[in-house]
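>>> below is the structure, and that's it, no one-letter string:
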């Protein structure tokens with residue numbers, strides 16, 4: 001059987017022709033679909049379009065007021081007693097007595113006995129010192145008696161010498177006249193020399209009295225000082241409170257040995273307490289001595305204390321940029337027992353200062369950094385109920401926390417502005433009711449249209465439909481029929 005060599009080539013041409021025919025058919029179908037869509041779109045009735053107006057957002061506003069408000073300074077500090085005494089042992093001895101009143105928390109008065117130490121050795125030392133002082137004083141008294149006797153002997157020797165010298169003169173005169181003798185003259189001269197020697201010895205003893213008196217006086221003074229030391233050591237065995245106050249602690253019991261320098265007890269006077277208060281250095285020059293201070297506990301407790309600035313530290317802390325003022329609190333421990341400011345208590349101090357200058361006051365939440373929005377009338381309609389938000393830059397003087405119901409009774413945190421832009425300041429002076437925006441601050445831009453909330457509320461109240469008298473009477477008739 002013979003084969004036809006042209007059969008494979010003919011089959012390939014048929015497949016190409018079939019593919020081209022299918023492609024052409026697809027293109028024709030797509031073109032018909034497009035023509036149908038265009039025809040239907042052009043002949044379809046278009047829906048009526050209505051213009052949609054976007055209403056301006058309703059925002060909260062508050063008026064700007066020029067007020068004289070105090071500037072508040074707050075700082076922290078730890079209370080300490082202005083008068084406190086740590087009683088230390090000045091002698092070494094055992095505690096022989098601790099009264100029942102010597103317990104922490106009990107009140108004491110100045111001079112009240114707290115502890116008694118053993119006095120045996122110190123009393124003996126006082127007795128010995130007293131005896132030595134008495135002996136030295138007796139010796140000094142004996143020296144004075146001896147000095148008196150020497151003085152008398154000197155006077156006698158001087159008189160005797162004068163007598164012997166006159167006798168010698170008469171005998172020499174008699175010898176020269178031929179009536180005397182040489183032996184008598186020599187005997188009298190020997191007596192004169194003897195008396196002179198005696199007088200010289202007495203005068204030497206008299207001159208030695210002064211140095212001996214000085215030496216004895218020094219000895220007496222030294223022994224008296226020793227007696228005072230012994231008496232002071234004896235007195236130091238009695239540990240008494242030097243001030244009126246309250247016992248903070250007692251660190252020794254009866255029978256224990258008190259070492260020199262050891263703390264035995266501490267007494268604190270609660271009537272005068274001082275708080276070193278650290279404040280920002282910017283308060284320098286505004287806070288003065290005698291300024292009033294309010295102190296309160298750091299926490300939910302409502303307790304507070306009134307104090308005054310007693311003094312101001314001369315140097316500021318460069319690291320913390322703070323200054324220290326010392327606040328004194330005077331209290332009565334007997335009547336204020338439930339609300340005493342105790343040493344060691346951590347408190348917050350609040351001081352208010354004012355310079356008497358009126359400044360713009362706005363709610364704190366109205367500010368975004370150093371900017372705020374002013375609500376300016378835009379007059380888009382006859383009533384002028386649409387406003388425009390205008391952004392202005394301001395400078396903050398300080399902030400404070402208090403209630404200002406005349407501006408907004410809901411606000412408690414306020415910002416005092418140091419100044420306003422000149423144009424806004426003129427507006428605030430010329431017209432009343434310059435207002436700032438409080439809400440929707442993140443959605444507003446400079447020039448955005450806004451509606452104050454109080455205007456929106458007034459418009460809503462006006463559009464509320466009220467029943468007429470005819471409607472009311474008809475409703476009454478219906479009620480009667482029923």
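Great, that's in hand. Just so we're clear, the structure is a prediction, and the values are computed from it rather than from any experiment.
>>> which stretches of the stretch 301-450 of the chain have low pLDDT?
Within the stretch 301-450 of the chain, the ranges that satisfy pLDDT under 70 run 379-384, 423-433.
>>> what ranges do the helices span in it?
422-430 (DSSP state H, counting those that start in this stretch).
>>> what number of residues lie near residue 369?
For residue 369, the count of nearby residues is 8 (other Cβ atoms under 10 Å). Just so you know, the C-beta spots here come from the backbone N, C-alpha and C atoms, and that holds for glycine as well.
>>> now the biggest strand by length in the chain, how far from the chain's geometric center?
In the chain, taking DSSP state E as the definition, the longest strand is strand 263-280. The chain centroid and the centroid of strand 263-280 are separated by 12 Å, computed with Cα atoms, centre = their mean, to the nearest Å.
>>> and what of stretch 287-294?
12 Å.
>>> coming back round to it: the next helix or strand after the longest strand of the chain pairs with which strands, parallel or anti?
Going down the chain from strand 263-280, the next helix or strand is strand 292-297, by DSSP states H and E. Strand 292-297 sits in its sheet next to strand 304-312 (antiparallel), strand 346-353 (antiparallel), going by DSSP bridges.
>>> identify the residues contacting strand 292-297?
Residues outside strand 292-297 that contact it (Cβ atoms under 8 Å, 6 or more residues apart in numbering) are 275, 277, 303-309, 327, 329, 341, 345-352.
>>> now with 7 Å, please.
Contact with strand 292-297 is made by 275, 303-309, 327, 329, 341, 347-351, as judged by Cβ atoms under 7 Å, 6 or more residues apart in numbering.
>>> are any of those buried, and which?
Buried members of the contacts of strand 292-297, scored by 16 or more other Cβ atoms under 10 Å, are 275, 305, 307, 309, 327, 329, 341, 347, 348, 349, 350, 351.
>>> just the buried residues of stretch 244-252, please?
Under the neighbour-count criterion of 16+ other Cβ under 10 Å, stretch 244-252 has 244, 245, 246, 247, 248, 250, 252 buried.
>>> quick check: mean pLDDT of that stretch?
Averaged over stretch 244-252, pLDDT sits at 93.
>>> packing partners for the helix ranked longest in the chain?
Secondary structure of the chain per DSSP state H: the longest helix is helix 120-176. Helix 120-176 is packed against helix 182-235, with contacts defined by 3 or more Cβ pairs under 7 Å, 6 or more residues apart in numbering; DSSP states H and E.
>>> same for the helix it packs on, what does it pack against?
Counting by 3+ Cβ pairs under 7 Å, 6+ apart, helix 182-235 packs on helix 120-176.
>>> what average pLDDT does the helix it packs on get?
Per-residue scores along helix 120-176 average to 90.
>>> assess the claim that residue 57 and residue 440 are in contact.
Yes: here residue 57 reaches residue 440: they are 5.3 Å apart, a contact under Cβ atoms under 7 Å.
>>> tell me what angle the longest strand of the chain forms with strand 292-297.
Orientation check (axes from the mean of the first three to the mean of the last three Cα atoms, to 10 degrees): strand 263-280 against strand 292-297 gives 120 degrees.
>>> buried ones in strand 263-280?
So, applying 16+ other Cβ under 10 Å, buried residues of strand 263-280: 264-271, 273-279.
>>> can I get the strands paired with strand 292-297 in JSON lines with distance to residue 239?
Shown next, in JSON lines, are these (distance: least, Cβ to Cβ, whole Å):
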{"stretch": "strand 304-312", "distance to residue 239": "31"}
{"stretch": "strand 346-353", "distance to residue 239": "32"}
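>>> looking at those, which is nearest to residue 447?
Taking Cβ to Cβ, strand 346-353 is the member of these nearest to residue 447, at 39.9 Å.
>>> give me the contacts around that closest one.
Applying Cβ under 7 Å, 6+ apart, the set of residues contacting strand 346-353 is 70-79, 275, 277, 286-287, 291, 293-298, 327.
>>> now, of these, which are buried?
Looking at the contacts of strand 346-353 with 16+ other Cβ under 10 Å, the buried ones turn out to be 71, 73, 75, 77, 79, 275, 277, 287, 291, 293-295, 327.
>>> got JSON lines for these, with distance to residue 86 too?
Below are the buried ones among the contacts of strand 346-353 laid out as JSON lines (distance: Cβ to Cβ, whole Å):
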{"residue": "71", "distance to residue 86": "41"}
{"residue": "73", "distance to residue 86": "34"}
{"residue": "75", "distance to residue 86": "28"}
{"residue": "77", "distance to residue 86": "22"}
{"residue": "79", "distance to residue 86": "18"}
{"residue": "275", "distance to residue 86": "21"}
{"residue": "277", "distance to residue 86": "25"}
{"residue": "287", "distance to residue 86": "32"}
{"residue": "291", "distance to residue 86": "32"}
{"residue": "293", "distance to residue 86": "28"}
{"residue": "294", "distance to residue 86": "31"}
{"residue": "295", "distance to residue 86": "26"}
{"residue": "327", "distance to residue 86": "24"}
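>>> farthest pair in those?
71 and 79 (24.7 Å).
>>> my guess is residue 360 contacts residue 68. True?
No: using Cβ under 7 Å, residue 360 makes no contact with residue 68, being 11.6 Å away.
>>> higher neighbour count, those two?
For residue 360 versus residue 68, neighbours defined as other Cβ under 10 Å are more numerous around residue 360 (21 against 12).
>>> partner residues bridging that one?
residue 66.
>>> ok, it to residue 234 distance?
75 Å (Cβ to Cβ, to the nearest Å).
>>> what do you get for residue 196?
From residue 196 over to residue 234 the distance is 57 Å, taken as Cβ to Cβ.
>>> show the contacting residues for the nearest residue to residue 345 once chain neighbours are set aside.
Closest residue in space to residue 345, ignoring its immediate chain neighbours: residue 79 at 4.7 Å, by Cβ to Cβ, 6 or more residues apart in numbering. By Cβ under 7 Å, 6+ apart, the contact list for residue 79 reads 273, 275, 341, 342, 343, 344, 345, 347.
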